[in-house]
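Student: Kindly generate the corresponding structure for this input.
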Amino acid sequence: MIFSTSKLLQPSQVKRSLEILQRRQPNLRTCLQPRGKILWHVQKTNPAINFQVLEPQDDLGSLCEQVLGKPFSYSDSVQWRAGLAYRGSHQHNTPFPHQYALVIHIHHGQCDGYDVIKSQLWFSDILDDILSGRRINETPLCTYRENDDVKSLMEQVKIRLLEDPHKIDSIRRTQPSEDRTPLLMKIAGKPQIPETSTGYVIRTFIPQVMNKFQEKAKAAGISFNSSLIAAINTAFVELATEAGLSQDAYEVTFGHIISLRIYLEKSTTHRSGLYGKMHNHSSTLSKNTRDNFWEYATQLHQELRSAIKTGLVLQQPEMTPDEIVANTCPTLYDYTLSNMSTLISAVLCIPYGNSVVPSATYAHAMLGERYLE
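Tutor: Now for the predicted structure:
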């Protein structure tokens, strides 16, 4: 999260804001700890936070690596950390000249991506209250509870699907085959890397590009999320074609992360926790999909909407952490994408404070510029 302030910050002000956030957000006071072969969520009363002030820097990728690159331990008092770096004074933004970058890393067993964004927004509000001298609100910001209702929903969906063989057959046609090879591996071969590594590519959304792309999607009657997936799929096919892989049709398979909150009873209070679930989807494209891009995007949108409406994502197999680490299944996906519509709706709701102005930075899809003509 990048934000600007009207005055230079004291580290104590940021630390206090994070301490208040932890008191008001229960999953930040919770640790995963083993008891036998089972991991339990253990809630602490008032644990110390893990906060550090980093060297001033403009390299956001390096900053992310410093905060996100370290694993958590069962012995940690809290399983989240935050790092703050000063990015300098920007005189062109005179009311808020001082810019900072804050990276918040929360154990994925206790939150999902939407939770992290909510945490950043709440932090921004709390810091603005502190800098403006307002009374600090200590009421809980969210709930954190067991997922018995999710398990019940999964059983209901399973029963409905078993009663509709035709629906099951149509669903199977959108699932990846177990022997497929991702397009990138067909082009460049399987990478010979001894261990998995993670890199961070940070770009800022260009508002004009995003707005124009959203307008075109809205005019076609489809979501921004479906449009973006269609653009990525089209780019994959064109990349394969340019690399010399000539086929009449191409299959692109992606993992679409969907929030299970959409299936739960509506509430005015945010429900924290890990509610992201992977929906596997395969899509067939011709090498000339660019020529009828919006027709393809509409078809893809209908497929995804049907999968979400039927609750198919609730039937994706679950795995324990040990099973995930030990899993030797072949790579089937070309890429994985979070629900961008959900994330962007949260980002666009960022309020301006009296002393703090958040300016969220996210990966900018170059595809948006490529498919606007």
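
Student: how far away is Thr45 from Gln22?
Tutor: Plainly put, Thr45 is 11 Å away from Gln22 if you go by C-beta to C-beta, to the nearest Å. C-betas here are computed from N, CA, C, even on glycine.

Student: Mutual contacts of those two, please.
Tutor: Applying C-beta atoms under 8 Å, 6 or more residues apart in numbering, one finds that Thr45 and Gln22 are jointly contacted by Arg29.

Student: between the two, who's got more neighbours?
Tutor: More crowded of Thr45 and Gln22, by other C-beta atoms under 10 Å: Gln22, with 22 against 5.

Student: So which residue is smack in the middle of this protein?
Tutor: Nearest residue to the geometric centre of the chain (C-alpha atoms, centre = their mean): Gly113, 3.9 Å.

Student: Run a quick neighbour tally on the closest residue to that residue other than its chain neighbours.
Tutor: Nearest-residue entry for Gly113: Ser338, 5.4 Å, with adjacent residues in sequence omitted and distances by C-beta to C-beta, 6 or more residues apart in numbering. Neighbour count for Ser338, taken as other C-beta under 10 Å: 17.

Student: Also Asp125?
Tutor: Counted by other C-beta under 10 Å, the residues lying close to Asp125 total 18.

Student: May I have the residues that are in contact with the residue nearest to Leu141 when sequence neighbours are not counted?
Tutor: For Leu141, ignoring the flanking residues on the chain, the nearest one in space by C-beta to C-beta, 6+ apart is Arg24 at 4.6 Å. By C-beta under 8 Å, 6+ apart, the contact set of Arg24 is Trp122, Asn137, Glu138, Thr139, Pro140, Leu141.

Student: For those residues, pick the one with the most neighbours.
Tutor: The member of the contacts of Arg24 surrounded by the most neighbours (other C-beta under 10 Å) is Leu141, with 21 neighbours in all.

Student: Against Val78, how distant is that residue?
Tutor: Distance of Leu141 to Val78, computed by C-beta to C-beta: 17 Å.

Student: Please apply the same query to Leu162.
Tutor: When distance is defined by C-beta to C-beta, Leu162 is 43 Å away from Val78.

Student: more neighbours, the two?
Tutor: Legend: neighbour count by other C-beta under 10 Å for Leu162 and Val78, higher for Val78 (19 against 10).

Student: and Asp125, what pLDDT?
Tutor: pLDDT, Asp125: 92.

Student: Are we agreed that Ser306 is in a helix?
Tutor: Yes: according to DSSP: H, G, I helix; E, B strand; the rest coil, Ser306 belongs to a helix.

Student: For it, give me the pLDDT.
Tutor: On pLDDT, Ser306 comes in at 85.

Student: Helices along the stretch 201-350 of the chain, start to end?
Tutor: Assigned by DSSP state H, counting those that start in this stretch, the helices in the stretch 201-350 of the chain fall at 207-220, 224-242, 293-310, 321-326, 340-347.

Student: Of those helices, which is nearest Phe72?
Tutor: Of all the helices of the stretch 201-350 of the chain, helix 321-326 sits nearest to Phe72, with 12.0 Å by C-beta to C-beta.

Student: For the closest one, the averaged confidence score.
Tutor: On average, helix 321-326 scores 68.

Student: Also stretch 34-45?
Tutor: 85.

Student: what's Ala188 in contact with, if anything?
Tutor: Residues in contact with Ala188 (C-beta under 8 Å, 6+ apart) are Ala243.

Student: now do Glu238
Tutor: By C-beta under 8 Å, 6+ apart, the residues touching Glu238 are Lys287, Arg290.

Student: what about stretch 122-140, start to end distance?
Tutor: End-to-end distance for stretch 122-140: 11 Å, by C-alpha to C-alpha, to the nearest Å.

Student: how about the strands in the stretch 251-373 of the chain?
Tutor: In the stretch 251-373 of the chain, the strands defined using DSSP state E, counting those that start in this stretch lie at 270-271, 276-286, 335-338, 356-358.

Student: Also the stretch 1-150 of the chain?
Tutor: 2-5, 30-35, 38-43, 51-53, 80-89, 98-106, 142-143.
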